[in-house]
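J.: Below are the sequence and a predicted model; questions follow.
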Amino acid sequence: MAAPRLPIFDNHFHLDPRGRGLDAVREFARAGGTSLMLVHKPYREHERPNTTLEDFRRDFDTTIALHAKIRSEVPEVTAWVALAPHPAEFTELLKVGWSLDDAHALYMRALDLAATYVRDGKAVAMGEVGRPHWRPIEDAILAKANESMAHAFSLARDLGCAVQIHAETATPESFADLRAHVDAARLPVGKVVKHYSTPIVDTAVNHGIWPSVLIGKGAAEEAAKGGVRWMMETDYMDDALVFDNMTKRSMPIAESWRLVTAGAETEWRSRFKIIGSTGAVLGPKTVPKRTRDLLAKGLMTEEQAWTIHAENPKKVYGIEVDL
Ligand SMILES: [Zn+2]
């Protein structure tokens with residue numbers, strides 16, 4: 001029997017100009033993937049944090065360029081963009097000695113800049129926005145992060161767009177707290193997605209925030225038991241694996257940038273070579289593969305798959321996911 005033709009949507013997928021790039025998207029397509037949310041990430045985070053608005057603009061434009069490349073070179077996959085300065089960009093500035101106020105001020109301006117990409121139709125959502133995921137966290141840092149999260153929410157409210165939240169592990173308590181922030185900003189909760197979510201699908205527990213479930217082992221099965229009000233993601237990072245000519249060993253690209261002088265591209269290029277991807281995160285094939293597994297095991301019907309992969313993204317982002 002031929003496998004059913006279904007829309008297959010990965011709700012959180014990164015690409016990196018230094019990673020596998022379009023090959024990763026082609027792999028997703030070959031496995032049965034039809035559409036994805038391309039989520040912005042800082043592209044030079046391993047060298048130095050973005051310190052000017054121009055840095056942010058250049059990174060945002062990189063995401064837009066990657067999106068255009070998918071459209072022209074892998075037309076069998078439909079992609080949309082979620083874009084915002086990553087919450088880590090604020091804390092990375094603190095690590096290199098910026099004051100809380102200065103780091104916060106730049107981060108806020110970067111959020112405003114990101115909003116113009118949504119306004120201009122280049123992105124359909126703001127993401128990732130939110131706050132650091134680690135705990136414990138200094139009160140002063142958390143307070144500033146909550147302030148910028150509130151700003152992101154109000155920008156999204158005014159734009160009428162969705163947000164993808166990066167925050168601490170999704171628990172009943174964290175969902176309740178996020179919901180309070182969403183309500184304070186008067187952002188409709190139906191436009192709010194928790195990225196990297198645990199499989200908490202019950203709206204009484206997730207407070208109406210959409211869980212974008214990271215579908216590692218068992219999570220998709222768990223989420224499927226809870227109904228259909230959720231989406232699937234891999235958080236594919238497109239992190240390259242590089243070979244170090246000096247020590248003759250391979251390592252993730254992030255590690256390699258720490259071994260050269262900050263910003264020294266020439267030094268980096270003469271020493272390292274990209275040889276593949278790390279495989280440290282869920283690969284591009286995971287969403288199509290899990291969906292087929294759930295269907296095969298009878299844990300999900302085709303109709304339910306349509307809801308999760310097409311109707312839910314339409315509700316949240318206003319996008320048409322089809323075959
Ligand atoms: Zn991500």
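T.: Nice, I can see it. Residues are numbered from 1 along each chain as shown.

J.: What about Lys184, how many residues nearby?
T.: Rather than Lys, residue 184 is Ala. The number of residues packed near Ala184 is 12, by other Cβ atoms under 10 Å. (Glycine included, C-beta is placed from N, CA and C.)

J.: Check what pLDDT it gets.
T.: pLDDT for Ala184: 98.

J.: Now do it against Pro49, distance only.
T.: 29 Å (Cβ to Cβ, to the nearest Å).

J.: Likewise for Tyr236?
T.: Applying Cβ to Cβ to Tyr236 and Pro49 gives a distance of 23 Å.

J.: These two: which is more packed in?
T.: It is Tyr236, of Tyr236 and Pro49, that has more neighbours when counted by other Cβ under 10 Å, with 28 against 20.

J.: Tell me who's in contact with that one.
T.: 10, 12-14, 24, 281-284, 286 (Cβ atoms under 8 Å, 6 or more residues apart in numbering).

J.: Out of these, which end up buried?
T.: Among the contacts of Tyr236, those classed as buried by 16 or more other Cβ atoms under 10 Å are 10, 12-14, 24, 281-284, 286.

J.: any chance you could map the helices in the stretch 201-323 of the chain?
T.: Here the stretch 201-323 of the chain has its helices, by DSSP state H, counting those that start in this stretch, at 203-206, 219-225, 253-257, 265-271, 286-296, 302-306, 312-317.

J.: list the contacts for Ala114?
T.: 40, 56, 60, 83-85, 123, 126, 155.

J.: let's go with 10 Å and repeat that
T.: Residues counted as contacts of Ala114 (Cβ atoms under 10 Å, 6 or more residues apart in numbering) are 40, 56-57, 60, 82-85, 123, 126-127, 129, 152, 155.

J.: Show me the residues you listed that map onto strands.
T.: Those of the contacts of Ala114 mapping onto strands are 82, 126-127, 129, per DSSP state E.

J.: Switch the residues you listed over to CSV; also include neighbour count, pLDDT and distance to Ala254.
T.: Below are the ones in strands among the contacts of Ala114 laid out as CSV (neighbours: other Cβ atoms under 10 Å; pLDDT from 0 to 100; distance: Cβ to Cβ, whole Å):
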residue, neighbour count, pLDDT, distance to Ala254
Ala82, 28, 98, 22
Met126, 27, 98, 25
Gly127, 29, 96, 21
Val129, 29, 98, 22
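
J.: ok, of the residues you listed, which one's closest to Leu6?
T.: Looking at the ones in strands among the contacts of Ala114 and their distance to Leu6, the nearest is Ala82, at 22.5 Å (Cβ to Cβ).

J.: Give the closest residue to that closest one in space, chain neighbours not counted.
T.: Once flanking residues are discounted, Ala82 sits nearest to Gly127: 3.5 Å by Cβ to Cβ, 6 or more residues apart in numbering.

J.: Gln164 is in contact with the one you found, correct?
T.: Yes - using Cβ atoms under 10 Å, Gly127 is in contact with Gln164, at 2.9 Å.

J.: if we can go back for a sec, would you check the buried ones among the contacts of Tyr236 and say which has the weakest pLDDT?
T.: The lowest pLDDT within those belongs to Val281, which sits at 77.

J.: What does the pLDDT read for the nearest residue to that one once chain neighbours are set aside?
T.: Leaving aside its sequence neighbours, Val281 sits nearest to Met237 (Cβ to Cβ, 6+ apart; 5.0 Å). pLDDT, Met237: 90.

J.: Just list the residues touching Met237, thanks.
T.: 13-16, 19, 24, 41, 252, 254, 277-278, 280-282.
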